[in-house]
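In: quick one, what's the 3D model for this:
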Amino acid sequence: MLFTFAGSSLAADTPLQSFEASIFGISEISHFGLDEQRFNRLSIDQRKNILLAKETLLGFFKAIQNKDGKPQQYLSSALNKKFPTKQRVVQSLVDEEQLF
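Out: Numbers count the residues shown, from 1 in each chain. Reported below is the predicted structural model:
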C-alpha cells in the first residue's frame, strides 16, 4: 500500500496509466507571461534564441533522463572537464550545493 486516504489505498485503486499520468504529468506552477510591449521589443533573433534556449534545456534534461543520453554535449568544455561523466553531471545537480 503506497498511501492510504479515507481508508482506501490510492495506489491500489488507480490503474497504472492513470497513476503514471498523475505522477509524471506536467504541473504548471505559475505562468508569469510576457508583457505585449516587452514582447514587441524583442528582435526576431532574440525570440529565436529564447526558443532555442528552451530546446537546449529540455534536451539536456532528456539526456539525463535517457539511459544512453549524453548530457555532456550540452556543456561547455570547461564544464565537461569538471563533470566528465553523466554520473558526475547528475550528481552535481542533486548534491548539496558547495560554495566555490
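In: longest helix anywhere in the protein?
Out: helix 44-65 (DSSP state H).
In: rounded mean pLDDT for it, please.
Out: For helix 44-65, mean pLDDT rounds to 95.
In: that one: what's the following helix or strand?
Out: Following helix 44-65 in sequence order, the next helix or strand is helix 77-82 (DSSP states H and E).
In: ok now that following helix, how far from the chain's centre?
Out: 21 Å (CA atoms, centre = their mean, to the nearest Å).
In: CA atoms only for whichever helix or strand comes after that helix - export them in CSV, please.
Out: Remark: after helix 77-82, the chain's next helix or strand is helix 86-94, criterion DSSP H and E. Coordinates of each C-alpha in helix 86-94 appear next as CSV, following Å, rounded to 0.1, in the frame of the first residue of the first chain:
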residue,chain,number,x,y,z
LYS,A,86,27.0,11.5,-16.9
GLN,A,87,27.1,10.3,-13.3
ARG,A,88,29.1,13.4,-12.3
VAL,A,89,26.8,15.7,-14.2
VAL,A,90,23.7,14.3,-12.5
GLN,A,91,25.5,14.2,-9.1
SER,A,92,26.3,17.9,-9.5
LEU,A,93,22.6,18.7,-9.9
VAL,A,94,21.3,16.7,-7.0
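In: what residues sit buried inside helix 86-94?
Out: 86, 89 (16 or more other CB atoms under 10 Å). All C-beta atoms are positioned from the backbone trio N, CA, C, and that covers glycine.
In: and that helix, what does it pack onto?
Out: If you count contacts as 3 or more CB pairs under 8 Å, 6 or more residues apart in numbering; DSSP states H and E, helix 86-94 packs onto helix 44-65.
In: swap in 6 Å and give it another go.
Out: Here helix 86-94 touches no other helix or strand, going by 3 or more CB pairs under 6 Å, 6 or more residues apart in numbering; DSSP states H and E.
In: I appreciate the help and will end here.
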